[in-house]
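> From the sequence below, what's the structure:
(2 chains)
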Number of protein chains: 2
Amino acid sequence: MTEKQADSVGVVETKTIRVVHADDTFKLTSGKPLSPIDVAYEIYGKLNSAGDNVMLICHALSGSAHAAGFSGPDDKKPGWWDIMVGPGKAIDTDKYYVICSNFLGGCSGTTGPSSINPRTEKPYNLEFPMITIADMVKVQKLLLDKLGIKQLLSVVGGSMGGMQVLQWAVDYPDFVKSAIVIASTSRLGPQAIAFDAVGRNAILADPKKGLATARMVGHITYLSKESMRGKFGRVLKSADKYSYDFSSEFSVETYLDYQGQSFIERFDANSYLYITKAMDYFDLERDYDSLQQAFAKTKSRFLIVSFTSDWLFTPAQSEEMVNALVAQRKPVSYCNIFSPYGHDAFLLEPQALGSLLGGFLSTTIAKPKFSRNSKVSSIKGVDRAKRLRVDYELIESLIEPDSRVLDIGCGDGQLLLNLQYDKNIDAEGIEVDQELVLQGVNNGLNIIHRDIERGLELYPDSSFDYAILSQTLQTLKNPHHVFAELLRVSRKVIVSFPNFAYWRCRAGLFFGGRAPRTKKLPFKWYDTPNIHFMSLKDFDDFCEEIGAKIEAKIPLISNRRSPVKFAPNIFAEQAVYLTSRKNG
Amino acid sequence: MTEKQADSVGVVETKTIRVVHADDTFKLTSGKPLSPIDVAYEIYGKLNSAGDNVMLICHALSGSAHAAGFSGPDDKKPGWWDIMVGPGKAIDTDKYYVICSNFLGGCSGTTGPSSINPRTEKPYNLEFPMITIADMVKVQKLLLDKLGIKQLLSVVGGSMGGMQVLQWAVDYPDFVKSAIVIASTSRLGPQAIAFDAVGRNAILADPKKGLATARMVGHITYLSKESMRGKFGRVLKSADKYSYDFSSEFSVETYLDYQGQSFIERFDANSYLYITKAMDYFDLERDYDSLQQAFAKTKSRFLIVSFTSDWLFTPAQSEEMVNALVAQRKPVSYCNIFSPYGHDAFLLEPQALGSLLGGFLSTTIAKPKFSRNSKVSSIKGVDRAKRLRVDYELIESLIEPDSRVLDIGCGDGQLLLNLQYDKNIDAEGIEVDQELVLQGVNNGLNIIHRDIERGLELYPDSSFDYAILSQTLQTLKNPHHVFAELLRVSRKVIVSFPNFAYWRCRAGLFFGGRAPRTKKLPFKWYDTPNIHFMSLKDFDDFCEEIGAKIEAKIPLISNRRSPVKFAPNIFAEQAVYLTSRKNG
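Coordinates of the predicted model:
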């Protein structure tokens, strides 16, 4: 760092504190004791007077306490998450008091296999006791106690850091106001365990060479096929011709060689053994019989983030956690960020990830100010015509105060915000568009990033008082399935759609012999998002068939607020229905 | 083998033959010489009198010449592809004369790094010259010459075996009548090279332990995430509790340990080095500037097969080959077989793969007998209503003899078969349903397994005289794009669709106020495959807009062959159009 950058925390010092003294008792999950324990940590930002702006960052496998800034005036390489942590950044050190510590078992200042075993006065190496993610978190809690921290606004981490976040939320429910779990999982699948096992086998055969091999395997799993193709392709290191020997000649080989070699210089092979084993052991489902049970007593607000091309800890694994949280009715937002960078994306996507974290954190520390102005029309990249919503006021009029409401295709959440303000509802939203999810989260709402066509199996029966499906039914591949699911998860369902039997449509087809186009149906037959066409009568029949009771039916003409009274199937351009389960 | 099984080739002998003598000159791709060269091979079945029933099987990385049968009366484990090779099996040894040889550089009888270097009278080890896939094929050709084989009915191989097949087709176009490439690629991507490099690094550090590590990595890449989850999950080897030590406790770990250890016992570490390097070097695109150029002089009929869950050599890599072959107007069929087994599926999917290979081989050796009876209606699992075709005779009447015809959604290919028989057309088909692709291939047709929604970028402009799109346009998400593509790749396009302005539809909506249902449109609004609705007038407008000239327009009522003459947009239930490019 040659001169101070405005968005950098500048030169920082890694401090070390003894959290367990030599004669203290600290029992590990395995049952074995460990003492003493020192913890290396860094702090950025200032504690506010209320003491409610504290954040804890948990690092991943090869990370350290040095998350941001520079270690000295001549240091050129900033901390491992500097793109996210600093003044004005997503984890804003002007607002938050940010702590990051090297975890137990690490090799960057905190007690681990390379520390001196007081019994032998030599490094522990393989004499170090086995540790778990829960042990790491317990040690982090001791650190925070020493620092006098009473509550965490948020605990955040990517990959293995996310596992620590989950453990925090589960083990210290009253201590953690919000939990941000990025590119992580509640337990490794057999493929990830297998990759870890390969690395350990190699290290146990030869610590130095094995650690390089393990790191090479690791790096392959951190990148996506796509990003490797973009970054390396089949390019050769230097020559244009094959060398016909066993030197590393493809540039992907030299990259891996470099990663392996440089890792040997900075990392302890034994730490790698213990850390990967802690990852393999991590399994919230096993510890609590089910993931739902694991989350049952949490009190945090959750943000779960995955990346589309991450094949190490997949979006499906993030969704498992989201589903369990939703089933336990815990407040959770989820976004599956589009990225080509694979697992490494949590270190490489400051835009989308930053917006998400920034919005989630700022609306966790303080509720955003309410604004009734819809932003939907100004949203870039989202076709307004496809998102045409019926009059919010009409839908609002159908909803009773203090209800639990799910809005399907909630956009940036304006309707839910209105309802929160006017009717004090408990709001949840589902949205398929990533940009709108980001905006919804920035508006302080709990939004699940999901394609409604996939169904609603994450919600238990009768989770909501109202589900709203506005101007969407006709665009679904399987409206029957989706509507049946809505009736299952919600006591009442509000649905609106264009009336395909509106007189202009009828006349257009009858007299004109063409697929109709009107103001509400402005699309040509071949590029319409509307792939099903139904009239009010069709929908009446549909409700009968599916076992839905029509509680209210409000035919509308677009520019008028009052319902159509005469021959609505002919004169209504669209309709809003309030329905409920017949047997409910 | 305790007693002879009816579908087994029984006890077989691996023979060895010297194809390059000590004082012969055999120059490798690298420029270096190698001699002598011995080849180990097995033969199953009988050579017919015409000598036109010879098949060559090329094995993958860890295979050998022992593809089928048993090595002795007490042998319990059959050859590596016994599920596919034997009397009555897909590669039917009652019909075909089947040869399989261990490739150059191997360690199962053919000259390789573990052979004695005549210069030093010790094993070559790392003194063995670098070899390529082309070198392996050259040696296989020498073997066939020694055996007096004049032509191959087919050369077949999976994974690295598929690379040898490709090289055969490219290097010996007149020798190879057909080529079957399974779960393979024309060149490795950087991820696969990286996995190979990890294995080689480990071996170069420690041959024994490294070979085990390499094999473990290999096995992870051969399985899919899904199959690993099914096979191992997070199950522990024995105890119910974590052992908190570094023994292999997850069953996936013990599986990999076993695979690694047993591989050490039967395989040569140096062979592994040379073979993986040969794979990494294999790159038809590099050798011929483009994949299309590589295929330019081939004369084989091709069958390319991939598996949906194969992430080592992906379906997309198979499609690259298919696209290059199609662009070069080579006869090719392609099927992406649905399988959860990952790359290993080529050893584990005898049903689908067997049907495909059996049909391809039997229709390559002899044209199937023509039958006019459509089998479409008897096809299991395919909804007949969704596949309702307009009268074949009408479409036939629009097509001139000796044309090149592409049928989109060709089903089992009955229309193409009729056209072949009646009009001597050059037929190609695209079909999305795997079962129908298998049937089409069994009918002797060249069928590409593909979703038409993905477009037709594989075909150059004006590849066909006619493209047929029957009763499909209205089910497409993007009919505009697909139709434009058809007009690009074919001089003329025949398209048929239901007329949504048929009077019963009009009346249904106008008077009934419901989404119309007729005999041709029998679906309810919410479960119809028809997601776009257009009338004849709409289609006329569409042709105008897209630059298509309407050469013929035949409105039809379903039970009558003669066109509707009066007010067709009202009285026709469906229509057949013959269109062409306006600027063409």
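> Which other helices and strands does the helix or strand hosting residue A:407 contact?
Assigned by DSSP states H and E, residue A:407 belongs to strand A:404-408. The elements that strand A:404-408 packs onto, with contact taken as 3 or more CB pairs under 8 Å, 6 or more residues apart in numbering or on different chains; DSSP states H and E, are helix A:414-423, strand A:426-431, strand A:464-470. In this view, the C-beta of every residue, glycine as well, is placed from N, C-alpha and C.
> Mind listing residues that contact the longest one?
Around helix A:414-423, the neighbours that count as contacts under CB atoms under 8 Å, 6 or more residues apart in numbering or on different chains are A:370-372, A:374-376, A:389, A:392, A:395-396, A:399-403, A:405, A:407, A:410, A:425, A:427-429, A:443, A:445, A:468, A:470.
> repeat that with 10 Å
Contacts with helix A:414-423, where a contact means CB atoms under 10 Å, 6 or more residues apart in numbering or on different chains, come from A:367-368, A:370-376, A:389, A:392-393, A:395-396, A:399-403, A:405-407, A:410, A:413, A:425-429, A:439-440, A:443-447, A:466, A:468, A:470.
> is it true that residue A:82 lies in a helix?
No. Counting by DSSP: H, G, I helix; E, B strand; the rest coil, residue A:82 is not part of a helix but coil.
> Tell me who's in contact with the nearest residue to it once chain neighbours are set aside.
Excluding the flanking residues, the one nearest residue A:82 by CB to CB, 6 or more residues apart in numbering or on different chains is residue A:68, at 4.8 Å. Taking CB under 10 Å, 6+ apart as the definition of contact, the neighbours of residue A:68 are A:8-10, A:12, A:42, A:44-45, A:57, A:78-86, A:89, A:91, A:93, A:98, A:100.
> One more pass at 6 Å, please.
When contacts are counted by CB atoms under 6 Å, 6 or more residues apart in numbering or on different chains, residue A:68 touches A:9, A:44, A:79, A:82, A:85, A:86.
> one step back: want to try a markdown table for the helices and strands packed on strand A:404-408, with mean neighbour count as columns?
Conversion of the helices and strands packed on strand A:404-408 to a markdown table gives the following (neighbours: other CB atoms under 10 Å in any protein chain shown):
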| stretch | mean neighbour count |
| --- | --- |
| helix A:414-423 | 20 |
| strand A:426-431 | 24 |
| strand A:464-470 | 24 |
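> Distance-wise, check the most far-flung residue of chain A relative to its centre relative to residue B:401.
Distance from the centre of chain A peaks at residue A:511, with 52.5 Å (CA atoms, centre = their mean). Relative to residue B:401, residue A:511 is positioned 44 Å away (CB to CB, to the nearest Å).
> Including mean pLDDT, could the helices and strands packed on strand A:404-408 go into a markdown table?
Supplementary listing: the helices and strands packed on strand A:404-408 in a markdown table, determined by pLDDT from 0 to 100:
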| stretch | mean pLDDT |
| --- | --- |
| helix A:414-423 | 93 |
| strand A:426-431 | 96 |
| strand A:464-470 | 94 |
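> How about the residues of the stretch 1-150 of chain A by chain B?
Those residues of the stretch 1-150 of chain A that sit near chain B, judged by CB under 6 Å from any CB of the partner chain, are A:30, A:130.
> The stretch 1-150 of chain A: strands as residue ranges?
In the stretch 1-150 of chain A, the strands defined using DSSP state E, counting those that start in this stretch lie at A:15-20, A:37-44, A:54-58, A:85-86, A:91-92, A:97-101, A:116-117, A:122-123.
> who does the residue nearest the centre of chain A bridge with?
Most central residue of chain A, judged by C-alpha distance to the mean C-alpha position with CA atoms, centre = their mean, is residue A:305 at 1.7 Å. Beta-bridge pairing of residue A:305 under DSSP bridges involves residue A:182, residue A:335.
> Need the pLDDT of it.
What the model reports for residue A:305 is a pLDDT of 98.
> can you check residue A:105 too?
So residue A:105 comes in at 98 (pLDDT).
> Let me see the backbone angles for it.
With angles defined as degrees, to the nearest 10, residue A:105 sits at phi 90, psi -10.
> ok, now residue A:307?
According to degrees, to the nearest 10, the main-chain angles of residue A:307 amount to phi -130, psi 140.
> show me the contacts for residue A:298.
A:169, A:173.
> and it, what pLDDT?
For residue A:298, the model assigns a pLDDT of 98.
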